[in-house]
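K.L.:
Turn this into a structure:
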Amino acid sequence: MLTGLRSFAFMAFMVLTTFVLALISIPLLVFWRGAARRIAKLWTRTILSGLKLITGISHRIEGADQIPQGGALVAANHQSMWETVALYDILPRPVVILRKELARIPIYGWWAKPSGNIVVDREGGATALRAMRAAAKEKIAAGEQVIVFPEGTRIAPGATAKFHPGVAGIYGAADAPCTPVAHNSGQFWRFPGMMKIPGEITLRFLPPIEPGLDRRAFLNTVKTRIERARPDLQGDRQERQECSDD
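P.N.:
You can find the predicted model right below:
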């Protein structure tokens with residue numbers, strides 16, 4: 001009961017914060033070049049602070065020394081909205097790849113493209129994919145960090161899914177390192193639904209995969225590294241190991 005009330009209160013807080021910041025930011029978006037990303041980062045920091053205060057969900061970062069400071073591809077598993085917020089807050093110059101439909105959402109869309117994010121038309125076929133790769137290459141060359149979720153959709157804690165080849169296309173086109181990231185956000189920020197379970201999310205930045213691997217080798221490497229580091233899968237591996245030892 002209390003968890004449900006806190007979850008509802010947080011969702012109300014997030015909506016109100018988004019609305020207020022949007023109103024404040026309108027003049028800045030018009031007159032201040034680069035304001036959108038600063039406003040977006042203020043939003044992410046405010047949301048994470050509210051999440052901890054209202055629902056009791058905090059997070060810890062492991063491998064902070066692996067956080068890329070220059071141009072890079074960042075590939076993370078996807079379980080909830082939390083990692084999109086947290087990675088945008090943590091990375092110095094983040095860029096998110098967004099569906100065109102998201103960029104049309106009132107208020108959210110005001111920040112989406114001006115923040116430097118890449119908007120993709122999923123119905124655009126090969127032409128849209130080539131444009132996405134070219135845009136990502138340009139962003140990485142400019143010293144920014146392009147965030148990708150190779151599973152393509154949110155996957156439940158404890159489950160795994162195929163990694164889509166689009167991440168390999170960006171990796172090959174950009175000729176840049178890829179930093180894998182693993183976490184267990186879905187155990188606390190539940191999806192589907194709005195329940196927020198108190199606890200500590202673990203976010204792990206892993207050593208970068210250097211450029212130069214072919215498509216298949218890269219996909220196998222990034223998938224293996226992320227899944228081996230995922231906290232929600234490690235318990236299962238430990239149980240299997242204990243059973244085999246018996």
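K.L.:
Could you tell me which residues make contact with the residue nearest the centre of the chain?
P.N.:
When the chain is reduced to its mean C-alpha position, the closest residue under CA atoms, centre = their mean turns out to be Thr84, at 3.3 Å. Residues counted as contacts of Thr84 (CB atoms under 8 Å, 6 or more residues apart in numbering) are Val96, Ile147. Bear in mind the C-beta positions are built from the backbone N, C-alpha and C, glycine included.
K.L.:
Please apply the same query to Val96.
P.N.:
Contacts of Val96 (CB under 8 Å, 6+ apart): Thr84, Tyr88, Asn117, Ile118, Ile147.
K.L.:
any idea which element it lies in?
P.N.:
Assessed by DSSP states H and E, Val96 sits inside strand 94-99.
K.L.:
Just the element for Gly193, please.
P.N.:
Secondary-structure element containing Gly193, defined by DSSP H and E: none, the residue being outside all helices and strands.
K.L.:
Next up, phi/psi of it, please.
P.N.:
Here is the backbone geometry of Gly193 (degrees, to the nearest 10): phi 100, psi -180.
K.L.:
likewise Arg45?
P.N.:
Per-residue torsions, Arg45: phi -70, psi -40 (degrees, to the nearest 10).
K.L.:
can you list the residues that contact stretch 137-144?
P.N.:
Contacts with stretch 137-144, where a contact means CB under 8 Å, 6+ apart, come from 70-73, 93-95, 116, 118, 146, 170, 173-174, 176.
K.L.:
now with 6 Å?
P.N.:
With CB atoms under 6 Å, 6 or more residues apart in numbering as the contact definition, stretch 137-144 has outside contacts at Gly70, Gly71, Arg93, Val95, Val146, Ala173, Ala174, Ala176.
K.L.:
Just among the residues you listed, which is most surrounded?
P.N.:
Val146 (30 neighbours; other CB atoms under 10 Å).
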